[in-house]
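A.B. asks: Build me a structure from this.
(one chain, ligands or ions: 2)
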Amino acid sequence: MLQRPRRNRKSEVIRQMVQETHISAANLIFPLFIIEGNNQKTEVASMPGIFRYSIDNLLREVESCMKLGLKSFDLFPNISEELKDKYATESHREESLYLRAIKQVKQNFPEACVITDVAMDPYSSDGHDGIVENGEILNDETLEVLGKMALAHARMGADIIAPSDMMDGRVGYIRQVLDDNGFSGVSIMSYCAKYASAFYGPFRDALNSAPKFGDKKTYQMNPANQREALIEAQLDEAEGADFLMVKPGLPYLDVIKLLKDNTELPIAAYNVSGEYAMLKAAAERGWLNEQRAVAEVLTSLRRAGASAILTYHAKEVLENKWL
Ligand SMILES: NCc1[nH]cc(CCC(=O)O)c1CC(=O)O
Ligand SMILES: [Mg+2]
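C.D. replies: Ligands and ions are numbered 1, 2, ... in the order given. Take a look at the predicted model:
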């Protein structure tokens, strides 16, 4: 045998020397849930270890993450039912919870990277990512709401706008609105290949944002499709996206790799709420080694081609030195 691959695995030093994929705090984005009130911190039942924070506690949480070197955050609001309407007007109201939160985080931590979620569902009385008329999700009318939302986020100091709605043409529309208003430096991280997935369940519990009727299959992608992700990627790139996101992460490693091979833009992967819940539940039962499983999942997302990983594990992996 001339080739014995085991020789390159024989010691820790050699294993590290030939390691192909690395991951560090700089690659991680921590999603954070926000609620109204003072000194609030409520755990999401289906996501042990993940909390909804009122703005004062959010600032404390951001500070403790920053100390660990975790400096990128994706914010999501939990909106009370009486503030929701068909047009998600709460999403661009001057004094809304979400806009105050963005502003506070940026004022207190100017060096943090604040990523904001642009989509109607947390504010929509229909629980959908678009305006609903006669049971249909209207595309072009929804773009106007998304544009207002993105502009409001930029005005509060958002570094990156992340549209997660899957309406056609929204990247180009938002780019135009931002540029027309003097925000050409604000980036867009497009949820480019976002699938109609069962793995978003715990997130919808966290925000109380589940659709009130039907499902999201007329806008989110069919899990059976891979090539269609290339169409979405080409469009988002042409419309001015700065990052392309694939979501969920682990069940869609092939899609991450496909986009990596077909675009020069950085790829982000969203290791979603259901992926987190699945792993936590198994770890709680002692059915797998949590530290090793989490590190393996995040490394696999990097190996497939993700530059950035949005993950609920971000803080614990750094706190416990799991990477
Ligand atoms: N615009 C909605 C949105 N933005 C991020 C997630 C899911 C994130 C997760 O599950 O962690 C969802 C859920 C959905 O599309 O219903
Ligand atoms: Mg698209």
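A.B. asks: and the chain, which residues reach ligand 1?
C.D. replies: Contact residues, the chain versus ligand 1 (Cβ under 6 Å from any ligand atom): 117, 119, 121, 129, 164-165, 200, 203-204, 216, 272-273. Where C-beta positions appear, they are placed from N, C-alpha and C, glycine not excepted.
A.B. asks: switch the cut-off to 8 Å
C.D. replies: Neighbours of ligand 1 within the chain, by Cβ under 8 Å from any ligand atom: 31, 76, 117, 119-122, 129, 164-166, 191, 194, 197, 199-204, 209-211, 216, 220, 247-248, 270, 272-276, 310, 312.
A.B. asks: those helices in the chain, which residues are they?
C.D. replies: When assigned using DSSP state H, the helices of the chain occupy the ranges 12-17, 55-67, 97-108, 139-156, 170-180, 201-207, 228-238, 253-262, 273-284, 290-304, 314-319.
A.B. asks: now those helices in a markdown table, with distance to residue 6?
C.D. replies: Below are those laid out as a markdown table (distance: least, Cβ to Cβ, whole Å):
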| stretch | distance to residue 6 |
| --- | --- |
| helix 12-17 | 11 |
| helix 55-67 | 40 |
| helix 97-108 | 49 |
| helix 139-156 | 52 |
| helix 170-180 | 47 |
| helix 201-207 | 41 |
| helix 228-238 | 37 |
| helix 253-262 | 26 |
| helix 273-284 | 30 |
| helix 290-304 | 20 |
| helix 314-319 | 29 |
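A.B. asks: My read is that residue 118 contacts residue 151, right?
C.D. replies: No: contact criterion Cβ atoms under 8 Å: residue 118 and residue 151 do not qualify, at 10.0 Å.
A.B. asks: now the helices of the chain in a markdown table, with mean pLDDT?
C.D. replies: Converted to a markdown table, those look like this (pLDDT from 0 to 100):
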| stretch | mean pLDDT |
| --- | --- |
| helix 12-17 | 98 |
| helix 55-67 | 98 |
| helix 97-108 | 98 |
| helix 139-156 | 98 |
| helix 170-180 | 98 |
| helix 201-207 | 97 |
| helix 228-238 | 98 |
| helix 253-262 | 98 |
| helix 273-284 | 98 |
| helix 290-304 | 98 |
| helix 314-319 | 98 |
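A.B. asks: and the residue of the stretch 1-150 of the chain found nearest ligand 1, how many neighbours?
C.D. replies: The minimum distance from the stretch 1-150 of the chain to ligand 1, using Cβ to the nearest ligand atom, falls at residue 119 (3.4 Å). When neighbours are defined as other Cβ atoms under 10 Å, residue 119 has 26 of them.
A.B. asks: Use 7 as the first number for this chain going forward.
C.D. replies: Got it, the first residue is 7 from now on, which makes the last one we talked about residue 125.
A.B. asks: Next, the contact list for it, please.
C.D. replies: 135, 152, 169-171 (Cβ atoms under 8 Å, 6 or more residues apart in numbering).
A.B. asks: Show the pLDDT at residue 84.
C.D. replies: We note a pLDDT of 98 for residue 84 in this prediction.
A.B. asks: repeat for residue 317
C.D. replies: 98.
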